[in-house]
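Participant: okay, here's the prediction I keep looking at, along with the sequence it came from:
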Amino acid sequence: MTAALALLVSACGSSATGSASTTGKVPLVVYAAEGYDSTVAKAFQQATGIPTSVYDAHTGLVVSKIEQEGNNPRWGVTWFDGDMAMASLDQQGLLLKGYEPTVGWNPRGLEFLPKDQTYVPTGYTIAATILYNSAAMPQPPSTWNDLLSPSYHGKVGILNPAIAGSAYPMMAGWATQFGGVPQLEAYVTALVNNGAKVYTSPDDELNAIKQGTIDVAFAQSNYGIGVGETQPNLKLAYPQFVTPMPSVLGIAAKAPAAVQAEAKQFVEFVLSPQGQQAMQAGDPHGDSLYWPVLNGVAARPEVPSPATIPTKTVDPSTWGAQENTISQWFTSHIAG
């Protein structure tokens, strides 16, 4: 998401600790980085009468704002892609523990649930697929190591994990697969030595592919699927293995009890049929292109079946704690 601040869904205040409205309900503030967040918040307010506002920015900005507010949150619930970043907020004591809604999770949803019940998955995408120009490269790479071959010299774009939200989960996935952080650093260094170019956003990578500067880029699955709808020569490949990344909701640990109660209602609404419908309608060429984590909910028709996608999950607590260190290494040794 690129907007620094989305419109207020309600005119009834913008602080999680604001005064009660004329309906007797306190305002609920959502800090979010999803393309459908305002659509869902508006539907929630209409369904419940709870005055709801959304601060919308990219994930890094949302997480930074939450950390800066610390034990004096002006938010009630937060929503973004990436359980690693949410696990980091949990480790800082900023999330409410011991809450899990009673819903019908599918196997992937159960896999994403944290043991201490501090956040809730709402769907998932793939952190990084391979977006490639099929006109220039009819056969995409089937493994990550394929990209180190001479045929890909100078033709690969890579995202900076300190800036692009999906880049760090991708690299955590590489570290898990390859055996650890030193192996990750060696792989990224080898990519750059093979001419890989560093970009700060998926849109920059996309422009580079269109211009013929590169033929291959790393892209979050929902972004790549959306691009393919208007650029049919740009296709997605899922090399062995890719990292599933859930969209997650967390509730402020230090918010007033009334706000926490409303935040729980928001979580339950998102996981209801009405909430899932709003998620899938809010950003049909972007974040709405996700795989569900609930039984009985189907993905949008543009989204491929997950059955043939080779995935390997990573431990969010382990890798969330290392994000700053790895991002700083990348900035110093690769992007610098």
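Facilitator: That came through fine.
Participant: when you work out contacts or count neighbours from here on, use the C-alpha atoms and nothing else.
Facilitator: OK.
Participant: okay, now residue 68: neighbour count?
Facilitator: 11 (other CA atoms under 10 Å).
Participant: actually residue 265, sorry about that
Facilitator: 16.
Participant: where's it relative to residue 41, distance?
Facilitator: Distance from residue 265 to residue 41, counting by CA to CA, to the nearest Å: 11 Å.
Participant: quick one: buried residues of stretch 205-219?
Facilitator: If you call a residue buried by 16 or more other CA atoms under 10 Å, then stretch 205-219 has these buried ones: 205, 206, 208, 209, 213, 214, 215, 216, 217, 218, 219.
Participant: so which residues of this protein form helices?
Facilitator: Under the criterion DSSP state H, the chain contains helices at 37-48, 59-69, 83-91, 107-112, 167-178, 181-193, 202-211, 221-230, 257-270, 273-282, 316-320, 323-330.
Participant: so which of these comes closest to residue 27?
Facilitator: Smallest distance to residue 27 across the helices of the chain (CA to CA): 7.5 Å, for helix 257-270.
Participant: average pLDDT for the closest one?
Facilitator: The average pLDDT for helix 257-270 rounds to 98.
Participant: returning to what we had before: would you check which pair of the buried residues of stretch 205-219 lies furthest apart?
Facilitator: Among the buried residues of stretch 205-219, 213 and 219 lie farthest apart (CA to CA), at 16.3 Å.
Participant: list the contacts for residue 93?
Facilitator: By CA atoms under 8 Å, 6 or more residues apart in numbering, residue 93 lies in contact with residue 253.
Participant: walk me through the domains of this protein.
Facilitator: As given by automatic domain parsing, the domain ranges for the chain are 28-126+245-303, 129-242+311-335.
Participant: just give the nearest non-adjacent residue to the residue positioned nearest the centre of the chain, would you?
Facilitator: Centroid-nearest residue in the chain: residue 81, 2.0 Å away (criterion: CA atoms, centre = their mean). Spatially, and ignoring its direct neighbours in sequence, residue 81 is nearest to residue 247 (4.0 Å; CA to CA, 6 or more residues apart in numbering).
Participant: ok, the one you found touching residue 83?
Facilitator: Yes - counting by CA atoms under 8 Å, residue 83 is a contact partner of residue 247 at 7.3 Å.
Participant: these two: who's more crowded?
Facilitator: residue 83 (28 against 22).
Participant: could I get the contacting residues of that one?
Facilitator: Residue 83 touches 245, 246, 247, 248, 316, 320, counting by CA under 8 Å, 6+ apart.
Participant: quick one: neighbours of the first one, just the number.
Facilitator: With neighbours defined by other CA under 10 Å, the count for residue 245 comes to 27.
Participant: repeat that for the fourth one.
Facilitator: Residue 248 is flanked by 24 other residues according to other CA under 10 Å.
Participant: return the residues in contact with residue 229.
Facilitator: Residue 229 makes contact with residue 285, according to CA under 8 Å, 6+ apart.
Participant: mind checking pLDDT for it?
Facilitator: According to the prediction, residue 229 has pLDDT 94.
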